[in-house]
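A.B. asks: This is a predicted model, with the sequence first.
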Amino acid sequence: MSGVTDEPFRTVAHEHGAGLVVSEMVASEELVNARPDMLRRALGAEKLSPFVIQLAGREPHWMAEGARVAQDMGAEIIDINMGCPAREVTGGLSGSALMRNLDHAEKLIEATVQAASVPVTLKMRLGWDHNSLNAPELARRAEGQGVALVTVHGRTRCQFYGGKADWAAIRHVREAITIPLIANGDGASVEDAREMLAKSGADGVMIGRGAYGRPWWPGVIAEGLDPSSGAAEPSLGAEARIIAEHHESILLAHGSHHGNRVARKHIGWAITRLAERSLVTTEQAFGWRAALLRTNDNDAVRDGLRQLYDTVQERAAA
């Protein structure tokens with residue numbers, strides 16, 4: 001979710017009922033060295049609580065120092081990333097590449113936990129590939145080092161995002177640990193979440209790509225699982241306001257020029273969601289994308305978003 005779960009996105013999710021939101025992956029060494037993009041990824045302490053910063057790295061020293069900096073920035077929870085499958089991450093022996101060497105992974109966990117005075121959690125996959133499904137062993141070691149919660153994506157690294165997440169395989173992790181377990185991968189509806197919980201034995205679910213274009217969606221799923229814990233699905237009018245406010249917050253956080261480009265993916269996903277609900281046709285969705293994603297004029301984007309949702313609401317009312 002790098003490039004997606006920035007401060008504006010997490011703020012919308014938090015305000016609309018998400019139980020816990022996690023920062024983009026923050027490289028520990030670069031955070032310690034105050035690289036601007038890593039500092040930006042770690043923002044949000046003033047708006048979000050509990051405030052979670054996710055750290056990635058391959059050296060115990062930098063993970064420990066990164067944990068200290070994250071705490072100084074207001075982190076109330078530190079999440080360790082051992083699940084990212086991206087080649088630029090695993091090529092640097094971070095993310096899910098750490099599942100190929102559990103002794104080294106455990107050293108990183110130990111260093112982070114010892115440096116932190118706040119809870120430390122861990123995100124992982126089932127393993128590097130189907131010949132090394134070692135998530136239960138890594139989770140067991142993590143619990144032994146003091147990790148407070150584990151999240152497991154139901155795919156191996158070598159699957160990337162192909163096929164379907166194996167929620168039942170996560171149950172092997174449940175059987176290996178006593179700390180809370182979160183299931184992740186392909187959850188996009190209340191029905192999915194119920195099935196994830198039943199098959200995995202997990203205590204909760206994490207929503208990732210299912211929130212593309214609708215950062216309020218984790219709260220809707222939470223509400224469906226446990227009434228009063230999240231928020232109801234917004235009306236089209238409320239959705240229009242949320243999308244507009246999210247757009248403005250992106251421009252404020254990233255600046256007018258860069259924010260315009262950052263917003264494009266979110267607007268594109270929102271249009272896709274409207275098409276999935278048959279509120280715009282495929283042809284209309286193509287036209288709206290062309291109009292809203294190819295201009296550098298933020299006023300034109302604002303006007304276009306209003307026109308889009310006016311059109312959608314008229315169609316829904318017809």
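C.D. replies: On my side now, so go ahead.
A.B. asks: Which of the helices and strands in the chain ranks last by mean pLDDT?
C.D. replies: When the helices and strands of the chain are compared on mean pLDDT, DSSP states H and E, helix 87-90 comes out lowest with a mean of 90.
A.B. asks: and the next helix or strand after that helix, what does it pack onto?
C.D. replies: Using DSSP states H and E, the helix or strand that follows helix 87-90 towards the C-terminus is helix 102-115. When contacts are defined as 3 or more C-beta pairs under 8 Å, 6 or more residues apart in numbering; DSSP states H and E, helix 102-115 sits against helix 60-72, strand 77-82, strand 120-125, helix 135-144. Placement of C-beta: from N, CA and C, glycine included.
A.B. asks: try it again with 6 Å
C.D. replies: Counting contacts by 3 or more C-beta pairs under 6 Å, 6 or more residues apart in numbering; DSSP states H and E, helix 102-115 packs against helix 60-72, helix 135-144.
A.B. asks: quick revisit: need the contact partners of the least confident helix or strand of the chain.
C.D. replies: For helix 87-90, contacts defined as C-beta atoms under 6 Å, 6 or more residues apart in numbering pick out 95, 96, 97.
A.B. asks: Could you dump those into TSV and include neighbour count?
C.D. replies: Conversion of the contacts of helix 87-90 to TSV gives the following (neighbours: other C-beta atoms under 10 Å):
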residue	neighbour count
95	26
96	26
97	21
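A.B. asks: burial of residue 36, as a residue count?
C.D. replies: Residues within reach of residue 36, counting by other C-beta atoms under 10 Å, total 8.
A.B. asks: now residue 212
C.D. replies: 20.
A.B. asks: Test my guess that it contacts residue 269.
C.D. replies: Yes. Under the criterion of C-beta atoms under 6 Å, residue 212 makes contact with residue 269 at 4.3 Å.
A.B. asks: mind checking how far residue 189 is from residue 234?
C.D. replies: The gap separating residue 189 from residue 234 is 16 Å, by C-beta to C-beta, to the nearest Å.
A.B. asks: Equivalent analysis for residue 42, please.
C.D. replies: As judged by C-beta to C-beta, residue 42 and residue 234 stand 29 Å apart.
A.B. asks: sec struct for residue 128, please.
C.D. replies: Of the three states, residue 128 takes coil according to DSSP: H, G, I helix; E, B strand; the rest coil.
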